[in-house]
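Peer 1: need coordinates for the following:
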Amino acid sequence: MARYTGPKTKICRIFGEPILGNAKWLGKNSNPPGQHGAQRKRKQLGEYALQLREKQKAKYTYGVLERQFRKTFEEAARIKGVTGENLIKLLESRLDNTIFRMGLAASRPEARQLVAHKHITVNGAVTNVPSYTCRPGDVVAYRPKSAHNTSIVAKQRGRNTKFSWVDWNETTNTGTFITMPEREAVPENIKEQLIVELYSK
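Peer 2: Residues are numbered from 1 along each chain as shown. Okay, here's the model as predicted:
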């Protein structure tokens, strides 16, 4: 199960956005990472560099490495509709991201850990694959044993109402993936068209 395990703050400073968590260092030190970051001149990026940067941002945001990201893009290209929007929909429908959107974890890496450690069930079956693609109507819940684990349940942040494509019932501790999200509803600052242009070369 491949995932990025390197320095998170460094990646956030490269993009100038808190794509991997805490943003407190961005205000204190907005220079690029490295010993000579403050003296480094910020060159105007070319077309290819902008496209590559956007792809890297999407990969780090959703915690996907290159091979898996490429496969997701190819699947998005096969689906009817706009490829870029399909790509975002597929990334948003990953199980780890769905759990994050439901408010069961504070971050996507934390949600990924919940799945990998077999604390989550989908339609009643334990699922430990973070990249599992949720489909409309899928019911997500804690495994019965995990539902009584206070250290796991205590991490719930509460559902954010702006994510209308998922629902979480705190009384029954079950959630539903209602529908694929529309691109306008996804708050991530990703220019998916640049990714499409990069892979189309």
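Peer 1: what about the spatially most central residue of the chain, distance to Arg108?
Peer 2: For the chain, the residue nearest the mean C-alpha position is Tyr62 (2.8 Å; C-alpha atoms, centre = their mean). Counting by C-beta to C-beta, to the nearest Å, the gap from Tyr62 to Arg108 is 7 Å. Glycine gets a C-beta too; all of them are placed from N, C-alpha and C.
Peer 1: now the common contact residues for the two.
Peer 2: Asn97 (C-beta atoms under 8 Å, 6 or more residues apart in numbering).
Peer 1: can you pull the contacts of the residue nearest to the centre of the chain?
Peer 2: Tyr62 neighbours (C-beta under 8 Å, 6+ apart): Leu91, Arg94, Asn97, Arg108.
Peer 1: list just the nearest of those to Ile190.
Peer 2: Leu91 (8.9 Å; C-beta to C-beta).
Peer 1: buried sites along stretch 131-149?
Peer 2: The neighbour-count check on stretch 131-149 (16 or more other C-beta atoms under 10 Å) flags Ser131, Tyr132, Thr133, Cys134, Asp138, Val140, Ala141, Tyr142, Arg143, Ser146 as buried.
Peer 1: of all pairs in those residues, which one is the farthest apart?
Peer 2: Spatial extent of those (C-beta to C-beta) is set by the pair Thr133 and Ser146 at 22.1 Å.
Peer 1: nearest to Arg183 among the contacts of Tyr62?
Peer 2: Nearest member of these to Arg183, counting by C-beta to C-beta, is Leu91, at 11.2 Å.
Peer 1: against Thr172, how distant is the closest one?
Peer 2: Using C-beta to C-beta, we find Leu91 at a distance of 28 Å from Thr172.
Peer 1: so for these two, which sits in the more crowded spot?
Peer 2: Leu91 (25 against 9; other C-beta atoms under 10 Å).
Peer 1: next up, the contacts around that one.
Peer 2: Ala58, Tyr62, Val64, Thr72, Asn97.
Peer 1: which of those residues fall in helices?
Peer 2: Counting by DSSP state H, the contacts of Leu91 place Ala58, Tyr62, Thr72, Asn97 in helices.
Peer 1: OK, contacts around the closest residue in space to Asn169 that isn't next to it in sequence?
Peer 2: Spatial nearest neighbour of Asn169, chain neighbours left out: Gly175 (6.9 Å); criterion: C-beta to C-beta, 6 or more residues apart in numbering. Each residue near Gly175 by C-beta under 8 Å, 6+ apart is listed here: Thr98, Met102, Leu104, Val139, Val140, Ala141, Val166, Asp167, Trp168, Asn169.
Peer 1: taking those residues, please make a PyMOL selection of just the buried ones.
Peer 2: To isolate the buried ones among the contacts of Gly175 in PyMOL, judged by 16+ other C-beta under 10 Å, type:
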select buried, resi 98+102+104+140+141+166+168
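Peer 1: just send the contacts of Gly175 back as CSV, with distance to Ala125, secondary structure and pLDDT too.
Peer 2: What follows is the contacts of Gly175, written out as CSV (distance: C-beta to C-beta, whole Å; DSSP: H, G, I helix; E, B strand; the rest coil; pLDDT from 0 to 100):
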residue, distance to Ala125, secondary structure, pLDDT
Thr98, 15, helix, 95
Met102, 18, helix, 93
Leu104, 18, coil, 91
Val139, 10, strand, 96
Val140, 11, strand, 96
Ala141, 11, strand, 94
Val166, 19, strand, 94
Asp167, 20, strand, 93
Trp168, 19, strand, 91
Asn169, 19, strand, 89
